[in-house]
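A.B. asks: Model the structure of this input:
(one chain, ligands or ions: 1)
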Amino acid sequence: MAETVTIIIDGEKYEFPVITGSEGEKAIDIRQLRAKTGYITYDPGFGNSGSCKSAITYMDGKKGVLRYRGYPIEDLAENCCFVEVCYLLLNGDLPNRSEYQRVSVMLNDHSLVHEDMQIFFQNFPRSSNPMGILSSMVNALRSFYPELMTTEEAMEITFMRLISKVRTMAAMSHRISRGHKIVYPRPDYSYCANFLNMMFDSPVRPYEIKKEFVDALNMFWVLHADHEQNCSTSTVRGVGSARANIYAALSAGIAALWGPLHGGANRAVVEMLEDIRKNGGDVKKAVERAKDKNDPFRLMGFGHSVYKTYDPRAKIMKKMCDKVLAVANTQDPLLDIAMQLEEVALNDDYFKDHNLYPNIDFYSGIVLRALGIPVEMFTVMFALGRLPGWIAHWRELMDDPEKKLFRPRQVYVGETERRVIPIDER
Ligand code: CMC
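C.D. replies: Residues are numbered from 1 along each chain as shown. Down below sits the predicted model:
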């Protein structure tokens, strides 16, 4: 017999079906709650509400588990490049050699950005935030590629176009912000090597592609590729639920990611570590400030809405710091500060009681700095990694027979009905 849950309101019993996920997670299906009882649920941030059924990513926040399509993040980070993971998220399984070859060719074929788009880039003020530029430009892409995605083939072309072009556009926005000439993608470079080359190649100093840097970037993007119904992904789904086009939905997702509580945290962490360094390196003071309820300061890169233990991505990222710093042949004083800060916070009762552990952003900025990525591009790097996840969720939503227009309810707490008093009598 199908499992149900009984809810008693004012002595009246109501039965609701229970949905069980493939990992045993249970959800009360309350779709008929308002119709049957007149009640709604109250759940700001939706931390207790399932907005969809999804087969893309599984997280266990208590155990620190993250899997894409069933594969543990540790396994993927160790053994797969970003393009394989893009394929996995979009298609449900890892590509074989010929499938990999086919998408690599597509990514190469769609890597150029329409020359007319350069005019837009050129006209943003030099001081513009690259996240704002990226969000606008992804939306603008729709005007250049208005084709409808009515076939599987057209859908795949759009996805590959996005994954390839958004990377090119991100590098372009960096070059233009520096007043440097744009570097075009090259057919002989891999996805990640191409990005680094487009960012850093110069006529006076040709960029030397280091395999270790390419590996690090692959791993960085694999770690960011999806994270189930987070703020930006829910935004993409929300905009998609109105049947807005995919470019508009992704543009909105980028805007959501920009926020410092979400993707913007990687930049905020480095800025926080810099501040601590400039102020003499007193990590204990930072921890005390983070605990002070009268101070809005939070320890950036700590805490997570779902993980109540060490973020599994942060563990991998931390190991990566040492590797890339060794190859870059440099020492980053921020790494020492980050490690001291982590140690003090993890041994602090407030942080223990609140289950606050480092998240992915705590160490990612140090990896990016070692790769030479400027701080204003950090959140763009997150966005490039999250792109296949957003696209996979948009696709899943479109294919979902149970999809509905996002339209949460509210508990109204404003004025009750009143009459307008003429302006001169107020
Ligand atoms: N420093 C100090 N206190 C914190 C922190 C922090 N980083 N994070 C949470 N808390 C406290 C918070 O003050 C509250 O305390 P109390 O219950 O005593 O009032 C309690 O922990 C719960 O906080 P919350 O904001 O209700 O918890 P949440 O799970 O909704 O917040 C979070 C998640 C990520 C917004 C939060 O931990 C935070 O602001 N962290 C810093 C920003 C950050 O690193 N964001 C990146 C997240 S990972 C990347 C991504 O997926 O976007």
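A.B. asks: what secondary structure does residue 355 sit in?
C.D. replies: At residue 355 the chain is in coil, as set by DSSP: H, G, I helix; E, B strand; the rest coil.
A.B. asks: separation between it and residue 313?
C.D. replies: Applying C-beta to C-beta, to the nearest Å, the value for residue 355 to residue 313 is 17 Å. Just so you know, the C-beta spots here come from the backbone N, C-alpha and C atoms, and that holds for glycine as well.
A.B. asks: what about these two, which has more around it?
C.D. replies: Just comparing residue 355 and residue 313: by other C-beta atoms under 10 Å the higher neighbour count belongs to residue 313, 27 against 13.
A.B. asks: Not counting its neighbours along the chain, what's nearest that one?
C.D. replies: The shortest distance from residue 313 to any non-neighbouring residue, by C-beta to C-beta, 6 or more residues apart in numbering, is to residue 360 (4.1 Å).
A.B. asks: Quickly note the distance from the one you found to residue 424.
C.D. replies: From residue 360 over to residue 424 the distance is 59 Å, taken as C-beta to C-beta.
A.B. asks: go on, residue 212?
C.D. replies: Distance from residue 212 to residue 424, by C-beta to C-beta: 75 Å.
A.B. asks: Looking at those two, which is more packed in?
C.D. replies: Using other C-beta under 10 Å as the criterion, residue 212 and residue 424 rank with residue 212 on top: 14 against 5.
A.B. asks: Touching, that one and residue 324? I think so.
C.D. replies: Yes. Taking C-beta atoms under 8 Å as the definition, residue 212 is a contact partner of residue 324 at 6.9 Å.
A.B. asks: The residue nearest to residue 71 when sequence neighbours are not counted is in what secondary structure piece?
C.D. replies: Spatial nearest neighbour of residue 71, chain neighbours left out: residue 88 (7.1 Å); criterion: C-beta to C-beta, 6+ apart. In the assignment (DSSP states H and E), residue 88 maps to helix 82-91.
A.B. asks: what's the offset of that helix from the middle of its chain?
C.D. replies: Chain-centre distance of helix 82-91: 15 Å, with C-alpha atoms, centre = their mean, to the nearest Å.
A.B. asks: With stretch 404-423 instead?
C.D. replies: 33 Å.
A.B. asks: start to end distance for it?
C.D. replies: End-to-end span of stretch 404-423 (C-alpha to C-alpha, to the nearest Å): 43 Å.
A.B. asks: and the stretch 251-400 of the chain, which residues reach the ligand?
C.D. replies: Taking C-beta under 6 Å from any ligand atom, the part of the stretch 251-400 of the chain that reaches the ligand is made up of 261-263, 265, 290, 298-305, 354, 356, 359-361.
A.B. asks: switch the cut-off to 5 Å
C.D. replies: Counting by C-beta under 5 Å from any ligand atom, the stretch 251-400 of the chain comes close to the ligand at 261-262, 265, 290, 298-303, 305, 354, 359, 361.
A.B. asks: Not counting its own residues, what contacts stretch 89-102?
C.D. replies: Residues from elsewhere that reach stretch 89-102 (C-beta atoms under 8 Å, 6 or more residues apart in numbering): 55-56, 68-69, 71, 80, 83-84, 87-88, 103, 159, 225-226, 388-389, 391-392, 395.
A.B. asks: can you check stretch 196-208 too?
C.D. replies: 167-168, 171-172, 174-175, 180-186, 189, 209, 213-214, 217, 371-373.
A.B. asks: buried set for it?
C.D. replies: Going by neighbour count (16 or more other C-beta atoms under 10 Å), the buried part of stretch 196-208 is 196, 197, 198, 199, 200, 201.
A.B. asks: Just the ones in helices from those, please.
C.D. replies: 196, 197, 198, 199, 200 (DSSP state H).
A.B. asks: is it true that the residue nearest to residue 313 touches residue 310?
C.D. replies: No. Counting by C-beta under 8 Å, residue 360 sits too far from residue 310 to count as a contact (10.7 Å).
A.B. asks: who's more crowded, the two?
C.D. replies: Neighbour count, other C-beta under 10 Å: between residue 360 and residue 310, residue 360 has more, with 26 against 16.
A.B. asks: Need phi/psi at the closest residue in space to residue 308 that isn't next to it in sequence.
C.D. replies: With C-beta to C-beta, 6+ apart as the criterion, residue 308 has its nearest non-adjacent residue at 3.9 Å, and that residue is residue 355. The phi/psi pair for residue 355 (degrees, to the nearest 10) reads phi 50, psi 50.
A.B. asks: just the buried residues of stretch 196-208 now: which is nearest residue 378?
C.D. replies: Of all those, residue 378 sits closest to residue 199, with 12.9 Å by C-beta to C-beta.
A.B. asks: Check the stretch 1-150 of the chain for the residue nearest the ligand and tell me.
C.D. replies: Residue nearest to the ligand within the stretch 1-150 of the chain: residue 45 (6.2 Å; C-beta to the nearest ligand atom).
A.B. asks: so that residue touches residue 261, yeah?
C.D. replies: No. Applying C-beta under 8 Å as the test, residue 45 and residue 261 come out as separate, 10.8 Å apart.
A.B. asks: Out of the residues of the stretch 251-400 of the chain next to the ligand, which sit inside helices?
C.D. replies: Going by DSSP H, the helices hold 265, 290, 361 from those.
A.B. asks: List the contacts of the last one.
C.D. replies: Contact criterion C-beta under 8 Å, 6+ apart gives 263, 265, 266, 268, 269, 300, 301 as the residues in contact with residue 361.
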